[in-house]
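Novice: let me see the structure of the following:
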Amino acid sequence: MVWPHLHNVDIPKSLVQDEIRYVRDEFSQNAGTSADNIPDELFAPQAERRVKLGLLVGEIIRQHGLQRDPARVEAMLDTVAATYEEPQASEGLLP
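Specialist: Purely as a prediction, here's the structure:
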């Protein structure tokens with residue numbers, strides 16, 4: 001069950017505006033056309049959700065002292081890449 005009152009979190013408007021730009025850019029790339037004429041309000045719900053999720057995950061990571069394990073990340077990427085016809089094409093995608 002979703003409890004709407006739990007989702008009322010104040011988030012910085014600047015983060016939402018930045019995320020609206022990212023969502024707009026993704027839309028443009030996927031649609032193959034410019035989305036400059038589409039109002040920000042249409043992208044705002046998704047942008048707000050992404051910002052809230054990012055802040056939440058960031059706080060969980062901070063509170064639990066979680067850190068990325070490069071070896072595990074590389075192993076997971078190798079596993080995923082192996083499902084592609086040319087797995088070597090994915091090499092070097094991450095720093």
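Novice: grab the nearest non-local neighbour of L66.
Specialist: I60 (7.5 Å; Cβ to Cβ, 6 or more residues apart in numbering). Placement of C-beta: from N, CA and C, glycine included.
Novice: how about low-confidence regions in this structure?
Specialist: 1-7, 87-95 (pLDDT under 70).
Novice: SS state for V9?
Specialist: coil (DSSP: H, G, I helix; E, B strand; the rest coil).
Novice: an error on my part: the question was meant for F43.
Specialist: Taking three-state DSSP, the label given to F43 is helix.
Novice: give me the distance between it and N37.
Specialist: 12 Å (Cβ to Cβ, to the nearest Å).
Novice: with Q29 instead?
Specialist: 16 Å.
Novice: give me the neighbour count for L56.
Specialist: Close neighbours of L56, defined as other Cβ atoms under 10 Å, add up to 11.
Novice: and if you look at G54?
Specialist: 13.
Novice: and it, helix, strand or coil?
Specialist: From three-state DSSP, the assignment for G54 is helix.
Novice: follow-up on the earlier one: surely the residue nearest to L66 meets L53?
Specialist: No: look at I60 against L53 with Cβ atoms under 8 Å: they stay out of range, at 10.6 Å.
Novice: if we can go back for a sec, what about the residue nearest to L66, helix or strand, and which?
Specialist: In this structure, I60 sits in helix 40-64 according to DSSP states H and E.
Novice: off-centre distance for that helix?
Specialist: 8 Å (Cα atoms, centre = their mean, to the nearest Å).
Novice: what residues of that helix count as buried?
Specialist: F43, A47, E48, R50, V51 (16 or more other Cβ atoms under 10 Å).
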